[in-house]
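> With the input below, show me the fold.
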Amino acid sequence: TCDFFVGLEGGLEMEVMQDGSKNLWCMAWMAILGSQSEKCTLGRAADEPSNRTPIKEEDKAAPKWSFSKTSAFRLPPALAHLVLER
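Residues are numbered from 1 along each chain as shown. Below you'll find the model as predicted:
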């Protein structure tokens, strides 16, 4: 069996400004679905809330999701125009 799964997804998000202009942001997100196995729990940060309280026996089988935005940057206006207009 697997102890955890990792997925990485990239895409664009449109931001509409008050004046009606549009910005495009390029970003990537990472999602991890982990078990409560020792391999997964050993690598958690010391201040992780689940490390402060013991895991109940009935919760050990429940998977745990974690998400993080890995990066983001605004596309240059000329490139955003090409994407939005074509």
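> Averaging pLDDT per element, find the lowest-scoring helix or strand in the protein.
Lowest on mean pLDDT, DSSP states H and E among the helices and strands of the chain sits helix 49-52, with a mean of 60.
> what about residue 80, how many neighbours?
Using other CB atoms under 10 Å, residue 80 has 20 other residues around it. Any C-beta I mention is one placed from the backbone N, CA and C, and that applies to glycine too.
> Relative to the helix or strand hosting residue 29, what are the paired strands and their orientations?
Per DSSP states H and E, residue 29 falls inside strand 22-34. Strand 22-34 has its sheet partners listed here by DSSP bridges as strand 4-16 (antiparallel), strand 64-74 (antiparallel).
> Name the residues of that strand that are buried.
Within strand 22-34, the residues scored as buried using 16 or more other CB atoms under 10 Å are 24, 26, 32, 34.
> Just checking the distance from that strand to the centre of its chain.
Strand 22-34 sits 6 Å away from the centroid of its parent chain (CA atoms, centre = their mean, to the nearest Å).
> switch to numbering from 429
OK, 429 is where the count begins now, so the last one is strand 450-462.
> average model confidence for that strand?
Averaged over strand 450-462, pLDDT sits at 91.
> same check, this time on stretch 506-514
Mean predicted confidence for stretch 506-514 is 90.
> which outside residues touch it?
440, 442, 450-452, 503 (CB atoms under 8 Å, 6 or more residues apart in numbering).
> let's go with 6 Å and repeat that
residue 452 (CB atoms under 6 Å, 6 or more residues apart in numbering).
> Wasn't residue 511 part of a strand?
No. Counting by DSSP: H, G, I helix; E, B strand; the rest coil, residue 511 is not part of a strand but helix.
> burial count for it?
Residue 511: 13 surrounding residues under other CB under 10 Å.
> Give me the pLDDT value at the residue of the chain positioned farthest from its centre.
Relative to the C-alpha centroid of the chain, counting by CA atoms, centre = their mean, residue 447 is the outermost residue, at 30.1 Å. On pLDDT, residue 447 comes in at 96.
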